[in-house]
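Q: Here is my input; please provide its structure:
(2 chains, ligands or ions: 2)
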Amino acid sequence: MRWRGFASLSRAILRGFLRDRAAVFFAIVFPLMFLVLFGGILGNQGASEVELVEVGQVRLFDELPAGAREAFEDTFEVTRTDDRAEAIELVRSGEADVAVEMDGSRLVATYTGTDQVASAMTRGTLQAFVDGANLAASGRPPAFDLEMQRVEDDSLEAIQFITPGLLGWAVAMSASFGAAATLQGWRQSKLLRRLQLAPVSTRTVVGARVAVTVAVALAQMAIFVGLGAAAFGLQLAGAWPMAVPLLVVGTLCFMSLGLLAGAVARTTEGAVNMANFLVLPMAFLSGSFFPLDGTPGWLQAISRVLPLWHLNQGMLDVMVRGQSAAAALAPMAVLAGFALVMTLAAARLFRWESA
Amino acid sequence: MTGPAIEVTDLVKVYGELRAVDGVSLTVEEGEFFGILGPNGAGKTTALEMMEGLRRPDDGTVRVLGLPPWPRNADLLPRIGVQLQASSFFERLTAREQIHTFADLYGVPGAQADGWLERVGMADKAGDRVEDLSGGQAQRLSIACALVHEPEVVFLDEPTAALDPQARRNLWDLLSGLNDSGRTVVLTTHYMDEAEVLCDRVAIVDHGRLLRLDTPAALVRGLDAPTRITVGPGLLDPVRAGALPAVDDVAVRVDGTVLTTRSPAAVLARLAEAEQLDGVRVQTGTLEDVFLDLTGREYRA
Ligand SMILES: Nc1ncnc2c1ncn2[C@@H]1O[C@H](COP(=O)(O)OP(=O)(O)OP(=O)(O)O)[C@@H](O)[C@H]1O
Ligand SMILES: [Mg+2]
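A: Ligands and ions are numbered 1, 2, ... in the order given. Down below sits the predicted model:
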């Protein structure tokens, strides 16, 4: 009977969620719109090769070690000319992204700043090749492969960092809204009271609510990763399964945030607004929409005290940065800590009545 | 089981300065249809919720089926059914899904849930979302949910509140059969007529105090009340009626002109002479008079 009650409550909650158009929209459709937007625009630019015009003979390119040569050919589509003026004109007109020539031992790259993504990519990549070649020439072990990897995953493929970040935001939203709205709604309608008088333990009620929220979070992950991989060339790193437990702990953390909002607020709308008020700025400050690399130091310092930042970083590490599964452990511990503190606070502030 | 279904002794609940329930003692027998009657804020819900085990009494004791309901008593829960004052439903479920969820929580077969849906006349609304039900339909569903596990004692908090008179009377038919099988029913209400029709015994409460507890008939009988004679609307000129001997008071209402008297025979004889007896109703004392007598003020629901 305990199992039957749990299953029945979970079904009731899940139905309530699926029939709430606004909740489904904000949990799945809305973040997916961002994924399509970012993935479609930035992703396509990132995915295309950079068109490079080689002016004369560029010695660096000929002397690349075998591994680097391969990466080089993946990144650049090379055409050759001896006419410098013609090469510059190609770049200016946008037919090529960059013109490269040797000036003694110096590598001179000419590119246009109009297409910021392409130019940033070009500059970063060339820099990496030069550094790598220098290292090789100086006889020290080349840190070449590692450097390339980083450049590829962090900036070449926008979809790679967009997907985990948006997924983190989506889960944070639906988990916190769901918990806040359920707590408030059930309290307002006295359903909480009614359940208190049914032979079903608090643990079963809470368990059912958590189970549904976690299931929704995993469905969000499946949809995001599935769409990202199918439509925008998302490639998961080896340790990605670790994102599942990470996401589960993240879900618990944001549920507790929602509980806190639900315990403090007086109406269902107030609770959801409060959750929204906390989650949306947090998403910006946690790098869900854009990487924080270029932001001021103090901003990055703030972001480190936000649970969503830890969720996002953990997901990036295991899903796309190619880190080991252990990289998710620290974020999981931080998120669990947040969850514990917020749940305790919510329990203290909770009132059965909506006075 | 022997002994009363509910035993309440010196029950007290205090909210700050307010004594919401102030020393109430009463006993409800097994199989009885018991009413708690009182105006807004009288303390009906507070008293009921202490009997259900939702609130901790500040003083006094409660025994339901011989067991203390507070703190949450897992042995008692399957044996009692509750309908709270607000209709407490899962959001966006249909009526059938709603009652089946409760059936699952209580571990009773789904067929029993469908049976109750049928019994409260909601079978044809089974597929409607709870948000789309009318007030009366929501009350019916709520009552069915309280009874789905066939509890021995059922608490109904103002099941007919906010219904129009017709819907209220329809619901009475359903409610009056609830204790047929020996079930104990405790119901709170604002409505005197409802208590008179449904309840075996009525507790009249006001300001948290139990004023009187008896059968409706005994309550009225004990009252030295005047008789009210209601004549169809427009048949009688109120000024002329007031001039009739033995008429103490005249009131014009939508359903007719009401004459208050202590000698109904004399007044009725005069009306008969004037051939104005069509549709005349005679009523001697109501619970409203009992309330007026007990508190010295008009009953306002
Ligand atoms: N949680 C509470 N905190 C403070 N005061 C309360 C609380 N609940 C009820 N009261 C007060 O206690 C008194 C009795 O309330 P109660 O709800 O029991 O009345 P009632 O007879 O059920 O009224 P109604 O017919 O309107 O339902 C009221 O004055 C109410 O304001
Ligand atoms: Mg009440």
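
Q: and residue 13, what is it in contact with?
A: Went with chain A since none was named. Residues in contact with residue A:13, defined by C-beta atoms under 8 Å, 6 or more residues apart in numbering or on different chains, are A:182, A:208, A:209, A:212, B:90. In short, each C-beta sits where N, CA and C put it, glycine included.

Q: not what I meant, chain B
A: If you count contacts by C-beta under 8 Å, 6+ apart, then residue B:13 has B:19, B:20, B:21, B:43, B:46, B:47, B:50, B:55, B:57, B:58, B:208 around it.

Q: mind running it again at 7 Å?
A: Residues near residue B:13 by C-beta atoms under 7 Å, 6 or more residues apart in numbering or on different chains: B:20, B:21, B:46, B:50, B:55, B:57, B:58.

Q: Go ahead and confirm the third one touches residue B:22.
A: Going back to what we said before, that points to residue B:46. No: when contacts are counted by C-beta atoms under 7 Å, residue B:46 is not listed as touching residue B:22 (10.2 Å).

Q: residue ranges of the strands in the stretch 101-250 of chain B, please?
A: Taking DSSP state E, counting those that start in this stretch, the strands of the stretch 101-250 of chain B run over residues B:153-157, B:184-189, B:201-206, B:209-214, B:227-231, B:247-253.

Q: Check the ones you listed for me and report the most buried one.
A: Among the strands of the stretch 101-250 of chain B, ranked by average contacts under mean count of other C-beta atoms under 10 Å in any protein chain shown, first place goes to strand B:184-189 (a mean of 25).

Q: tally of neighbours for the residue of the stretch 1-150 of chain B found nearest chain A?
A: Closest approach between the stretch 1-150 of chain B and chain A, counting by C-beta to the nearest C-beta: residue B:104, at 3.4 Å. Neighbour count for residue B:104, taken as other C-beta atoms under 10 Å in any protein chain shown: 25.

Q: Wait, it touches residue A:6, no?
A: No: if you go by C-beta under 7 Å, residue B:104 and residue A:6 don't touch, sitting 9.3 Å apart.

Q: how close does residue A:185 sit to residue B:286?
A: Going from residue A:185 to residue B:286 by C-beta to C-beta, to the nearest Å gives 41 Å.

Q: ok so, going back, secondary structure for the contacts of residue A:13 - can I get that in a markdown table?
A: Shown next, in a markdown table, are those (DSSP: H, G, I helix; E, B strand; the rest coil):
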| residue | secondary structure |
| --- | --- |
| A:182 | helix |
| A:208 | helix |
| A:209 | helix |
| A:212 | helix |
| B:90 | coil |
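
Q: could I get those as a markdown table with neighbour count?
A: Supplementary listing: the contacts of residue A:13 in a markdown table, determined by neighbours: other C-beta atoms under 10 Å in any protein chain shown:
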| residue | neighbour count |
| --- | --- |
| A:182 | 26 |
| A:208 | 21 |
| A:209 | 20 |
| A:212 | 22 |
| B:90 | 22 |
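
Q: could you list every residue that touches the residue in the stretch 101-250 of chain A that ligand 1 sits nearest to?
A: The nearest approach of the stretch 101-250 of chain A to ligand 1 comes at residue A:193, 11.7 Å away (C-beta to the nearest ligand atom). For residue A:193, the contact set (C-beta under 7 Å, 6+ apart) comprises A:352, B:54, B:84, B:88.

Q: what does residue B:192 give?
A: With contacts defined as C-beta under 7 Å, 6+ apart, residue B:192 is in contact with B:37, B:286, B:287, B:288, B:299.

Q: From these, pick the one nearest residue A:123.
A: Nearest to residue A:123 among these is residue B:37, at 84.1 Å by C-beta to C-beta.

Q: any idea how far that closest one lies from ligand 2?
A: 12 Å (C-beta to the ion, to the nearest Å).

Q: Secondary structure element holding residue A:110?
A: strand A:106-111 (DSSP states H and E).

Q: Over to residue B:258?
A: Secondary structure assignment for residue B:258, by DSSP H and E: strand B:256-261.

Q: for whatever helix or strand comes next after that strand, what is the average pLDDT?
A: With elements assigned by DSSP H and E, the helix or strand that comes after strand B:256-261 is helix B:264-273. Averaging pLDDT along helix B:264-273 yields 84.

Q: list the buried ones in helix B:264-273?
A: Neighbour-count burial for helix B:264-273, counted by 16 or more other C-beta atoms under 10 Å in any protein chain shown, picks out B:264, B:267, B:268, B:271.

Q: does the residue nearest to the first one when sequence neighbours are not counted have beta-bridge partners, and which?
A: It refers to residue B:264. Excluding the flanking residues, the one nearest residue B:264 by C-beta to C-beta, 6 or more residues apart in numbering or on different chains is residue B:227, at 4.2 Å. Per DSSP bridges, the residues bridged to residue B:227 are residue B:261, residue B:284.

Q: Quick one: low-confidence residue ranges for chain A.
A: Scanning chain A for pLDDT under 70 picks out A:1, A:40-49, A:112-121, A:132-133, A:135-157, A:353-355.

Q: domains in it, as residue ranges please.
A: For chain A, automatic domain parsing gives the domain ranges A:2-43+A:155-349, A:48-138.

Q: Ok, chain B next?
A: Using automatic domain parsing, the domains assigned to chain B come out as B:6-222, B:227-283.

Q: Work out the gap between the first one and the centre of the chain.
A: Per C-alpha atoms, centre = their mean, to the nearest Å, the displacement of domain B:6-222 from the mean C-alpha position of its chain is 9 Å.

Q: and that domain with ligand 1, contact?
A: Yes: remark: domain B:6-222 sits within contact range of ligand 1 at B:15, B:18, B:20, B:38, B:40-46, B:85, B:190, by C-beta under 6 Å from any ligand atom.

Q: Pick out whichever of those residues sits closest to residue B:139.
A: The closest of the residues of domain B:6-222 next to ligand 1 to residue B:139 turns out to be residue B:85 (C-beta to C-beta; 10.9 Å).

Q: Give me every residue in chain B lying close to chain A.
A: B:52-54, B:72, B:74, B:77-78, B:82, B:84, B:86, B:88-93, B:97, B:101, B:104-107 (C-beta under 7 Å from any C-beta of the partner chain).

Q: Compare the contacts of residue B:192 and tell me which is most surrounded.
A: That'd be residue B:37 among the contacts of residue B:192, by other C-beta under 10 Å, with 30 neighbours.

Q: Correct me if wrong: it contacts residue B:202.
A: Yes: in this structure residue B:37 lies within contact range of residue B:202 using C-beta under 7 Å: 5.4 Å.

Q: for the record, mean pLDDT for stretch B:59-69?
A: Stretch B:59-69 shows a mean pLDDT of 96.

Q: For that stretch, buried residues please.
A: B:60, B:62, B:63, B:64, B:65, B:69.

Q: Please verify my assumption that the fifth one contacts residue B:75.
A: Going back to what we said before, that points to residue B:65. No: at 9.1 Å, residue B:65 does not count as touching residue B:75 under the criterion of C-beta under 7 Å.

Q: What is the end-to-end distance of stretch B:54-68?
A: By C-alpha to C-alpha, to the nearest Å, the extent of stretch B:54-68 from end to end equals 12 Å.

Q: As TSV, the strands of the stretch 101-250 of chain B with mean pLDDT would be great.
A: Putting the strands of the stretch 101-250 of chain B into TSV (pLDDT from 0 to 100) gives the following:
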stretch	mean pLDDT
strand B:153-157	96
strand B:184-189	96
strand B:201-206	94
strand B:209-214	93
strand B:227-231	84
strand B:247-253	84
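
Q: ok, back up a step: show only the entries of the residues of chain B next to chain A found in helices.
A: B:52, B:97, B:101, B:104, B:105, B:106 (DSSP state H).
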